[in-house]
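> Test case, fold it:
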Amino acid sequence: MKLGLSLGYWGARPPQGVDELVTAAADMGYESIWTSEAYGSDALTPLTWQGARNPGLRLGTAVLQMSARTPTATAMAALTLDHLTGGKFALGIGASGPQVVEGWYGQPYPRPLARTREYVAILRQALARADVEFDGEHYQVPLQGGAGLGKPLHATIRPLRTDLPILLAAEGPKNVALAAEIADGWIPLFYAPDDDATYRARLAEGFARRAADDARRVEDFEVACPVQVVLDDDVEAAADTLRPMIALYVGGMGAKGANFHNEAIARLGFEAECAAIQEAYLAGRRQEAIAAVPTKMVDKIALVGPKARIAERFAQWESSLVTTLLVAGAPKALQALAQVA
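Take a look at the predicted model:
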């Protein structure tokens with residue numbers, strides 16, 4: 001298992017100490033850095049900034065939101081970064097949720113799996129420098145109508161790699177299977193290593209649907225999984241650090257009945273707990289929602305506690321299908337995990 005550094009996205013302002021954190025992680029043996037986006041900082045700018053300062057590291061997006069860019073705009077960014085990194089870029093994309101897609105990007109959300117399938121098909125054409133031509137339900141390239149002057153174009157830049165890896169962020173069972181079918185990797189968000197067999201079954205379903213002439217090897221499929229690591233002799237104190245974040249995602253990242261993070265954690269055996277967290281959060285009782293996050297839930301999806309306990313739990317992650325662990329944590333936590341690994 002490889003270790004990557006997860007930088008996520010910014011909060012209310014640019015975080016402090018990131019340059020030093022990335023340098024320290026590289027010295028500890030972390031081989032990649034990954035950024036993401038919601039509706040504030042974008043993923044590409046900080047990633048490029050850090051990549052220029054740390055040229056030996058692999059760069060990845062976890063994730064670029066599909067509604068933020070047309071497929072060809074995403075392909076342009078990927079082609080550019082792949083050249084700048086000497087072939088060390090991994091493109092992670094995701095559909096996000098209806099509140100962000102429609103509320104921030106002003107794009108329609110329905111049928112995200114169908115949109116994802118079309119998006120990846122166009123990406124593959126553009127990354128291979130083919131004439132991009134696609135007539136789908138959600139995307140048409142060239143545009144039908146308009147000035148009537150559009151024609152199929154191919155990228156002016158020659159790709160460094162026509163097989164640049166595309167990873168799909170997915171939480172729902174159908175979307176996880178789709179990642180195995182059409183992508184080169186999967187980025188889970190809330191992953192529980194003791195449910196490894198369930199995830200393997202979903203991926204196997206997608207692998208079985210690959211086209212007969214698909215030359216991609218299942219053995220090369222990457223699972224790049226973010227995980228929060230909190231080093232503290234007091235397990236409850238360590239869990240307290242993560243409860244607000246989990247409460248936000250379970251309770252506030254989506255409307256009731258349309259929160260995929262809530263559903264993903266509920267499937268891990270926390271249906272009642274997720275319902276209680278969401279009810280309190282949406283009612284404005286955020287402290288109650290935070291307090292309703294049980295330590296067992298935190299422990300299921302994160303690595304918390306003293307170093308010996310983290311080492312014991314890490315053994316499950318190491319034997320899971322995860323190939324790259326995207327670690328988020330303070331420098332001491334990063335160091336402890338590097339030593340354990």
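
> Can you tell me which helices and strands the helix or strand where residue 201 lies packs against?
Counting by DSSP states H and E, the secondary-structure element that holds residue 201 is helix 196-208. For helix 196-208, the helices and strands in contact under the criterion 3 or more CB pairs under 8 Å, 6 or more residues apart in numbering; DSSP states H and E are helix 173-182. The C-beta positions use only the backbone N, C-alpha and C, and glycine is treated the same way.

> contacting residues for residue 131?
By CB atoms under 8 Å, 6 or more residues apart in numbering, residue 131 lies in contact with 125, 152-154.

> One more pass at 10 Å, please.
Residues counted as contacts of residue 131 (CB atoms under 10 Å, 6 or more residues apart in numbering) are 125, 141-142, 151-155.

> Which of the residues you listed sits closest to residue 15?
Set against residue 15, the nearest of the contacts of residue 131 by CB to CB is residue 155 (33.8 Å).

> Which residue is the nearest non-sequential neighbour of that closest one?
residue 129 (5.1 Å; CB to CB, 6 or more residues apart in numbering).

> one step back: buried residues in the following helix or strand past the helix holding residue 201, which are they?
Next along the chain after helix 196-208, taking DSSP H and E as the criterion, comes strand 222-231. The neighbour-count criterion (16 or more other CB atoms under 10 Å) identifies 222-231 as the buried residues of strand 222-231.

> For residue 279, see how far away the nearest residue to residue 142 once chain neighbours are set aside is.
Once flanking residues are discounted, residue 142 sits nearest to residue 150: 3.2 Å by CB to CB, 6+ apart. Here residue 150 is placed at a distance of 49 Å from residue 279 (CB to CB, to the nearest Å).

> try residue 146
In this structure, residue 146 and residue 279 are 47 Å apart, going by CB to CB.

> Residue 305 too?
29 Å.

> More neighbours: which of those two?
residue 305 (24 against 15; other CB atoms under 10 Å).

> Quick one: residues contacting the residue nearest to that one when sequence neighbours are not counted.
Of all residues not flanking residue 305 in the chain, residue 235 sits nearest, at 4.3 Å (CB to CB, 6+ apart). By CB under 10 Å, 6+ apart, the contact list for residue 235 reads 295, 298-299, 304-306, 309.

> PyMOL command to pick out the buried ones of these?
To isolate the buried members of those in PyMOL, using 16+ other CB under 10 Å:
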select buried, resi 295+298+299+304+305+309
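
> Save the contacts of residue 235 as a markdown table, and put in secondary structure, distance to residue 265 and pLDDT too.
Below are the contacts of residue 235 laid out as a markdown table (DSSP: H, G, I helix; E, B strand; the rest coil; distance: CB to CB, whole Å; pLDDT from 0 to 100):
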| residue | secondary structure | distance to residue 265 | pLDDT |
| --- | --- | --- | --- |
| 295 | helix | 14 | 98 |
| 298 | helix | 10 | 98 |
| 299 | helix | 12 | 97 |
| 304 | strand | 16 | 98 |
| 305 | strand | 20 | 98 |
| 306 | coil | 25 | 97 |
| 309 | helix | 21 | 97 |
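
> Out of the contacts of residue 235, which comes closest to residue 166?
Using CB to CB, residue 298 comes nearest to residue 166 of the contacts of residue 235, at 31.2 Å.

> Nearest residue to that closest one in space, please, no chain neighbours.
Using CB to CB, 6+ apart and skipping the chain neighbours, the partner closest in space to residue 298 is residue 239 (4.2 Å).
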